[in-house]
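Engineer: sequence and computational prediction follow.
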Amino acid sequence: MKFHKKDNLYYLMKAILSCFPNNFEENFLSVINQHLIAKEYSRQILNNEVVSKKPRYKTLCGALILQNTFLSQLPSSAFYEVVEVMPAINFCFRSKKWKTINKLSSEVIFRLFITLYFEFFLLPLNVKFGKMYINKFKKYIARGDIVSIVKSAPFFYRIIAERQGVDLGFREEMVKNLNRILTQFYQ
């Protein structure tokens, strides 16, 4: 048997194959986000899919799940890459055709919003550097979009915020804190 050169694709496939014996979905999502080649191609596929004549539902779902998992696992480094696909995520968010696509894109948008807020408002080390990412986000997602996302499942989005280090509180306090955060972010 002849051995082939070990390149990025070789190591990606080896990592994917190592996911199979156990809980495949969790292991696969964890492994795939550690490979630059997979992240780059998944973003390209997402961008290409939204401009195709007939975007494929499963492809969009898979791409959004990867973006969401990436933000969930590595928020401080993921936002750089996820903000680059904001036009595609915005397309998915505005899509009235598929509720699941809308829900998945809403989750990505909120995770990205909370990550940007945490990185550049709560830990303002590189505020000037962060303006570029915040402005790109704001170009596609309005304040009202964030409010409607949170209203759709307040408990779920409160937990996402808490995991990122942002305390929204409960009920009335949550509304008040979210308004304060949105005012700060969208000024």
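Structural biologist: Perfect, thanks for sending it.
Engineer: what backbone torsions are found at residue 88?
Structural biologist: When read as degrees, to the nearest 10, the backbone of residue 88 gives phi -70, psi -40.
Engineer: could you measure from it over to residue 170?
Structural biologist: Going from residue 88 to residue 170 by C-beta to C-beta, to the nearest Å gives 34 Å. Just so you know, the C-beta spots here come from the backbone N, C-alpha and C atoms, and that holds for glycine as well.
Engineer: neighbour count winner among those two?
Structural biologist: Using other C-beta atoms under 10 Å as the criterion, residue 88 and residue 170 rank with residue 88 on top: 25 against 11.
Engineer: dump the residue contacts of that one.
Structural biologist: Applying C-beta atoms under 8 Å, 6 or more residues apart in numbering to residue 88 gives the contacts 46, 47, 49, 50, 63.
Engineer: now do the contacts for residue 161.
Structural biologist: Taking C-beta under 8 Å, 6+ apart as the criterion, residue 161 is in contact with 110, 114, 167, 168.
Engineer: the first one and residue 150 touch, don't they?
Structural biologist: Yes: if you go by C-beta atoms under 8 Å, residue 110 and residue 150 touch, sitting 7.1 Å apart.
Engineer: which residues do those two both contact?
Structural biologist: residue 157.
Engineer: the longest helix along the chain packs against which elements?
Structural biologist: Using DSSP state H to define each element, the chain has its longest helix at helix 99-117. Helix 99-117 sits against helix 57-73, helix 75-82, helix 86-94, helix 127-140, helix 143-152, helix 154-163, helix 171-186, with contacts defined as 3 or more C-beta pairs under 8 Å, 6 or more residues apart in numbering; DSSP states H and E.
Engineer: would you list the ones you listed in a markdown table and tack on distance to residue 105 and mean pLDDT?
Structural biologist: Conversion of the helices and strands packed on helix 99-117 to a markdown table gives the following (distance: least, C-beta to C-beta, whole Å; pLDDT from 0 to 100):
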| stretch | distance to residue 105 | mean pLDDT |
| --- | --- | --- |
| helix 57-73 | 6 | 90 |
| helix 75-82 | 11 | 86 |
| helix 86-94 | 4 | 96 |
| helix 127-140 | 11 | 89 |
| helix 143-152 | 9 | 96 |
| helix 154-163 | 14 | 95 |
| helix 171-186 | 19 | 94 |
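Engineer: turn these into CSV, columns for distance to residue 40.
Structural biologist: Supplementary listing: the helices and strands packed on helix 99-117 in CSV, determined by distance: least, C-beta to C-beta, whole Å:
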stretch, distance to residue 40
helix 57-73, 11
helix 75-82, 9
helix 86-94, 14
helix 127-140, 18
helix 143-152, 27
helix 154-163, 25
helix 171-186, 28
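Engineer: quick one: closest of those to residue 15.
Structural biologist: Nearest to residue 15, of all those, is helix 57-73, at 14.2 Å by C-beta to C-beta.
Engineer: now do that closest one against helix 86-94, angle only.
Structural biologist: Here helix 57-73 points in a direction 110 degrees away from that of helix 86-94 (axes from the mean of the first three to the mean of the last three C-alpha atoms, to 10 degrees).
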